[in-house]
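Q: Structure of the sequence below:
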Amino acid sequence: MTDSLQSGQQDAPDQASEHHEHKKDTLTFRIFLGLALGFCVGLVMYYVPSEGSDLAAWVQEYLIDGVFLVGGKIFVNLLKLMIVPLVLVSLICGVIASEESKSLGRLGTKTSSSTLLPPALPSAWRCWWRKWWTRGRALT
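A: Residues are numbered from 1 along each chain as shown. Have a look, this model is predicted:
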């Protein structure tokens with residue numbers, strides 16, 4: 001019986017240390033680690049290569065205009081690829097979940113005003129401004 005108590009007492013610190021190690025390796029920790037490493041790499045790439053050197057040309061041509069540009073475009077396009085269907089599915093699920101026709105009308109009004117109005121207002125402003133500006137220039 002004392003052996004089982006002693007082994008139980010010895011297992012407790014091991015479990016705590018395993019829990020502590022697992023807690024250290026969380027998603028938040030990885031995100032901040034990547035943020036810090038990216039910041040450090042950016043500082044090194046900005047300050048280390050001197051102007052006109054072969055290293056500066058290589059960094060600009062292959063890393064900045066090559067790998068980072070392509071990788072950034074792929075990342076942004078993948079985000080767009082995920083967000084647009086997510087918004088569409090959430091709108092469809094909201095319409096399907098609505099049971100009353102009155103709430104469906106309010107939901108449709110809110111949805112159309114929040115999705116169609118923001119892009120339409122700047123476009124209308126540009127059209128009006130262009131028409132006003134060309135009319136004013138034609139008179140002078």
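Q: After the host helix or strand of residue 28, which helix or strand is next?
A: Element membership of residue 28, judged by DSSP states H and E, is helix 27-47. Per DSSP H and E, the first helix or strand lying C-terminal to helix 27-47 is helix 54-58.
Q: downstream neighbour of that next one in the secondary structure list?
A: Defined by DSSP H and E, the subsequent element after helix 54-58 is helix 69-97.
Q: looking just at contacts, which helices and strands does that following helix meet?
A: For helix 69-97, the packing partners by 3 or more C-beta pairs under 8 Å, 6 or more residues apart in numbering; DSSP states H and E come out as helix 101-139. Heads up, the C-betas are built off the backbone N, CA and C, glycines and all.
Q: Okay, angle between the helix it packs on and helix 69-97 too, please.
A: 130 degrees (axes from the mean of the first three to the mean of the last three C-alpha atoms, to 10 degrees).
Q: Buried ones in the helix holding residue 28, by neighbour count?
A: residue 45 (16 or more other C-beta atoms under 10 Å).
Q: what's that helix in contact with?
A: 59, 63, 64 (C-beta atoms under 8 Å, 6 or more residues apart in numbering).
Q: ok, the second one - contacts?
A: When contacts are counted by C-beta under 8 Å, 6+ apart, residue 63 touches residue 45.
Q: quick revisit: same question for the helix holding residue 28, mean pLDDT?
A: Averaged over helix 27-47, pLDDT sits at 91.
Q: Quick check: the most centrally placed residue in the chain vs residue 33, distance?
A: By C-alpha atoms, centre = their mean, the chain has its centre lying nearest to residue 79, at 6.8 Å. In this view, residue 79 and residue 33 are 21 Å apart by C-beta to C-beta, to the nearest Å.
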